[in-house]
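>>> how would this look folded up:
(one chain, ligands or ions: 2)
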Amino acid sequence: MRTNRIFIPEVFFTNNCLTGEDVIKSTRVLGELDGIFGDRQAFDGMDKDQVIYQVSSYLPVLENTPGGLFMGITTLYPGKVGSEFFMTKGHFHSNSDRAEFYWGVEGEGMLILMNEQREVWAERIFPGSLHYIPGKVAHRVANTGYQKLVFSACWPSDAGHDYATISAAGFAQRLIDVNGVPTLV
Ligand SMILES: O=P(O)(O)OC[C@H]1O[C@H](O)[C@H](O)[C@@H](O)[C@@H]1O
Ligand SMILES: [Fe+2]
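Residues are numbered from 1 along each chain as shown. Ligands and ions are numbered 1, 2, ... in the order given. Okay, here's the model as predicted:
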């Protein structure tokens, strides 16, 4: 972390994207989401290089620093694998009690949440929606609309991402398009 940030602004927030020296950009293509969608046959027939979402994260302190904050903005593209909406991988936090804020910026979606007892619920994401994700609650986002979904997040720098639990057991429910209505099944 540099100390001159007060004098020289280096992080820019334009077009729903963060740009600057401490910003990490990552792209997830469909091939990296192997195993998270329910319809294997539909998945196998799709282009694995298709971009599903992009994240830019502003990390002003080192990962695992206690007391710091990170911020990210994610663009999740519209689409489905079979009848299941495009969604993020989803994770618990490695430091499991760490909470997070998400907020909707553009488009329509659902934040899918699951506690350690594997109870699942969802909150509608729309421009201006605000979501407090308590600790010990796994979170994933689905795009239920026809345009890109943009949402932002702020989380503790010592939260970490635990993807393994979700990779192994998944979420207990899926968000499916049932006759045009996003439905948890
Ligand atoms: O990490 P995923 O489950 O793929 O979700 C994608 C991203 O969504 C948000 O931007 C979170 O703040 C990020 O921490 C997360 O990486
Ligand atoms: Fe998180």
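>>> ok, the helix or strand hosting Phe70: who's next to it in the sheet?
Using DSSP states H and E, Phe70 falls within strand 69-76. Paired strands of strand 69-76, with direction, are strand 51-58 (antiparallel), strand 149-156 (antiparallel) (DSSP bridges).
>>> give me the buried positions along the first one.
Right, strand 51-58. For strand 51-58, a neighbour-count test (16 or more other CB atoms under 10 Å) marks 52-58 as buried. (C-beta placed from N, C-alpha, C; glycine too.)
>>> got the residues of the protein near ligand 1?
Within reach of ligand 1 by CB under 6 Å from any ligand atom, the chain has these residues: 55, 72, 74, 88-91, 153, 155, 161.
>>> can you name the next helix or strand after the strand holding Phe70?
strand 80-81.
>>> centre of the chain to the next helix or strand after that following strand, how far?
As assigned by DSSP H and E, the chain's next helix or strand after strand 80-81 is strand 84-85. The gap between where strand 84-85 is centred and where its chain is centred comes out at 15 Å by CA atoms, centre = their mean, to the nearest Å.
>>> hang on, the earlier thing: would you turn the residues of the chain next to ligand 1 into a markdown table with pLDDT?
Formatted as a markdown table, these follow (pLDDT from 0 to 100):
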| residue | pLDDT |
| --- | --- |
| Val55 | 97 |
| Gly72 | 97 |
| Thr74 | 98 |
| Thr88 | 98 |
| Lys89 | 97 |
| Gly90 | 98 |
| His91 | 98 |
| Ala153 | 98 |
| Trp155 | 98 |
| His161 | 98 |
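>>> which strand residues bridge Thr19?
With DSSP bridges as the criterion, Thr19 is bridged to Phe12.
>>> got it, and the one 10 residues further on?
Going by DSSP bridges, Val29 is paired in beta bridges with Val51.
>>> and the residues of the chain next to ligand 1, which is closest to Phe171?
Using CB to CB, Gly90 comes nearest to Phe171 of the residues of the chain next to ligand 1, at 6.5 Å.
>>> excluding its backbone neighbours, what's nearest that closest one?
Computed as CB to CB, 6 or more residues apart in numbering, the closest residue to Gly90 that is not its neighbour in sequence is Arg140, at 2.9 Å.
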